[in-house]
Every structure is written in C-alpha cells, then in structure tokens.
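Peer 1: sequence and predicted structure are below.
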Amino acid sequence: MKIPFLNLKRENERYAAKIKEAVSRVIDSGWYISGEEKEKFEKEFAAYCGVNHCIGVGNGLDSIRLILMGYMDQGTIQKGDEVILPANTFIATALAVSQCGLVPVLADCDNRTYNIESQSVKEKITSRTKAIIAVHLYGQVAAMNELKQIATQYNLKLIEDAAQAHGATHQGKKTGSLADAAAFSFYPVKNLGTLGDAGAVTTDDKKLADIIRSLSNYGSGKKYIHQYKGINSRLDEIQAAILSVKLKQLDEENQKRKELASYFSRNIKNENIILPYNKEPTSHVFHLYVIRTKERDRLQSYLETKGIFTQIHYPLAIHKQPAYSELKDLKLPVAEQLQDEVLSLPFYISLTEDEKTRITKALNSY
Ligand SMILES: *Cc1c(COP(=O)(O)O)cnc(C)c1O
C-alpha cells in the first residue's frame, strides 16, 4: 500500500457533513460574493488571531501584494524600494514584491530553524529598504523579537507571511498579530485550508485595513466610485463558509500535528538525518515535517521503493529559480545548502498507526 505525500480526500472526510451543510446554505442564499459569510469569517479570524481587522481576499499571493499596495497607496513605500525576504520560501513571497514594482532583496536562512536569519537581514539593509517580510516557514514562527528590533531601529514595516503557520504562537500571541500586518493563504493544503483559493490579511492598523478592503474590491468603497487603482481579489461566500467550519477545529488540528511531529521526532533514529528544530520562542505548528540529509535524492528514491512519497520544499532557493535569473550570482550559503538537503515527509493527521510505523521504520533502515 502506497503512502501518498498528502491525502486531502481523507483529511477532509471528517468535515464532509458540515462542509456540505455550509455550502448548501450559501447556494440557497442566492448571494455568492461579498456577503454575510465573508463578514462572519473575517470577524472570527480577526478574533482568533487577536487583531482588530481581517480582510478576506482571493488567495495568499494577493494577501501579500495587497499589504504592499496598501503601503504604496499611503506613500510609506514607493516604486523601486527594497523589501527583504528569505531566500528559502515559496515563490509567492518574492513575486508579490516584484509585481508591486518593488525590489526583492534576499536574506539567508538560519541553519537550525530554516527561517530568515536576522544578521543577514541587517547586512541587506540600504537606504531604499522599506520592509521586511518574515515567512513562518513550515509552520515555525520566525525570530520575531529580533526582527521587530531591526524593523524599529531602521524604521521598516514588518510583514508576516503566515501562509504556513495559522495558529502558531509566539510568546502567547498568535501569528497574524506579530507584526504590522500579516498575509495568510487558505489554499487546500494549508493548516487552515479551504476547497479552493482563498486568503486573508490581518492587522491592527485601521487605515491600512480600510485601504486593503477597498483595493481588493477594485479600489472601491462605494459602488462604482473608485478611490484607488485596485484589483479584484475577494474571499467568496462558499470558501468563507467552509473556513468558518474549519477554523473551529484549527487549534485541535494543530495540537494533533504537534503530537504527530513529536512521534516522528521520538522514533526516527538515523544519524544521517537531521530532524526539525523545535524550541521556544519560535513555536511550531508543523505545516510540514521537514528532515534534512546529505544525499537527499537518494533517500527520496529509497523511500519511494517502500511506497512512501515525499516532496521537496523547495528544490530551488528564490535566487536559483529561472524566474529570478537576475539574482543567480547571489551567495546565500545556508539557503543553497537547504535546497539540496531538505525533504518533507508525508505528514497529515489522518495517517494511520501502520503508516506512521512504516515511515519511521523506512527512515531508520536507510
Ligand atoms: C502557500 C503560500 C503562499 C501563497 O498562497 P496562495 O494561496 O497559493 O497564493 C505564500 N507564501 C507562502 C509561504 C506559502 O506557503
């Protein structure tokens, strides 16, 4: 029996009845965009994160773009300004910056947490730097205390890319509330995932929230009056209704993820394999369980012969991606090492005891 990297059908089965009920309610309501379900979820998610404002948007990429666009419309950030982000992240973090006419500046990663490294951030600051995007990679909160200190010292905006870390906490506070603004994705595989594309921005900054709300709806507050050159990126009613169902279980699901991670970390015993680092204050909700090893591709093939399917997040650091060939000569040694060594195991809470045992046994016999 094969163990796929992810089994979303099985993962969503425990929600199926409630999701069908929620979707039926929306179908019967006759209202599909910008209605009560969106408003309800925004309130719930803002309260969950511990912030005053949440704006539901079309996807995670747009949630980052809209934050930057919001600052640009306020004049806080201008075309051509620089935004620092980690070299080891999903491409969306960099694309959002590029698509706003801003310059992505890559910092290297911490060798234990794989998150953006504070000293490298400092070294990248110039007179054009206006913001830092901290990605909570794989579900682990970035070094927010250090980053906040840097942001304050250099008068930079600090933005969370929390697309992989819904519900993770840092000194008791949830992601989404740890910086000036935060971006979330609810893509189906995320810790809080819906059945389509969706995202959100959270912030305590009312002015920014008002602008983003308008920007996400064609720059319009009042119908057919357009204040800004906005985009169309709205959380639809069906996704909002599904997200309200799943948000109720998020803490419980994250708890189960932590237990599964601790199972793997206790039972994987192989000196060629480095396990995920997980110590306070950078708390971890294990969006992914990422191990590291020298001959990664060989391990991946070995696991495949045992019917265990893994993935690589990410096989190329941003500056090694063809889309960013202009950055290819940058030297970011940790990010470059990670792209060759990381391996994400099948990791979902509906894994059976037998599947868990098979995965650990296969790793221990490698
Ligand atoms: C998933 C993800 C995004 C983008 O989200 P989409 O909803 O797919 O646009 C952005 N950043 C990170 C770190 C992600 O993992």
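Peer 2: Received, thanks.

Peer 1: and the residue of this structure that's closest to the ligand?
Peer 2: residue 60 (2.2 Å; CB to the nearest ligand atom). The way it works is simple: take the backbone N, C-alpha and C, and place the C-beta from them, glycine included.

Peer 1: count the neighbours of that residue for me.
Peer 2: Look at residue 60: counted by other CB atoms under 10 Å, it has 26 neighbours.

Peer 1: phi, psi for it please.
Peer 2: phi -70, psi -40 (degrees, to the nearest 10).

Peer 1: that one reaches residue 182, doesn't it?
Peer 2: No - using CB atoms under 8 Å, residue 60 is not in contact with residue 182; the gap is 11.1 Å.

Peer 1: overlap in contacts of these two?
Peer 2: Common neighbours of residue 60 and residue 182 (criterion: CB atoms under 8 Å, 6 or more residues apart in numbering): residue 161.

Peer 1: list the contacts for the closest residue to residue 1 other than its chain neighbours?
Peer 2: Leaving aside its sequence neighbours, residue 1 sits nearest to residue 307 (CB to CB, 6 or more residues apart in numbering; 6.5 Å). Applying CB under 8 Å, 6+ apart, we find residue 307 in contact with 1-3, 358.

Peer 1: do the same with residue 10
Peer 2: So residue 10 contacts 348, 350 (CB under 8 Å, 6+ apart).

Peer 1: other SSEs contacting the longest helix along the chain?
Peer 2: Longest helix in the chain by number of residues, with DSSP state H as the criterion: helix 250-267. Here helix 250-267 touches helix 353-364, going by 3 or more CB pairs under 8 Å, 6 or more residues apart in numbering; DSSP states H and E.

Peer 1: neighbouring contacts of the helix it packs on?
Peer 2: Under CB under 8 Å, 6+ apart, the answer for helix 353-364 is 3, 260, 263-264, 267-270, 273, 291, 302-303, 306-308, 345-346, 351.

Peer 1: swap in stretch 11-28?
Peer 2: For stretch 11-28, the external contacting residues (CB under 8 Å, 6+ apart) are 32, 37, 195, 237-238, 241-242, 244-246, 249, 348-350.

Peer 1: what subset of those is buried?
Peer 2: The neighbour count (16 or more other CB atoms under 10 Å) marks 37, 195, 237-238, 241-242, 244-246, 348-349 as buried among the contacts of stretch 11-28.

Peer 1: what's the mean pLDDT across stretch 172-180?
Peer 2: Averaged over stretch 172-180, pLDDT sits at 97.

Peer 1: just how off-centre is it within its chain?
Peer 2: Averaged C-alpha coordinates place stretch 172-180 at 13 Å from its chain's average position (CA atoms, centre = their mean, to the nearest Å).

Peer 1: any chance of a markdown table for the buried ones among the contacts of stretch 11-28, columns pLDDT?
Peer 2: Below are the buried ones among the contacts of stretch 11-28 laid out as a markdown table (pLDDT from 0 to 100):
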| residue | pLDDT |
| --- | --- |
| 37 | 98 |
| 195 | 97 |
| 237 | 98 |
| 238 | 98 |
| 241 | 98 |
| 242 | 98 |
| 244 | 98 |
| 245 | 98 |
| 246 | 98 |
| 348 | 97 |
| 349 | 96 |
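
Peer 1: how about TSV for the contacts of residue 307, with secondary structure added?
Peer 2: Supplementary listing: the contacts of residue 307 in TSV, determined by DSSP: H, G, I helix; E, B strand; the rest coil:
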residue	secondary structure
1	coil
2	coil
3	strand
358	helix
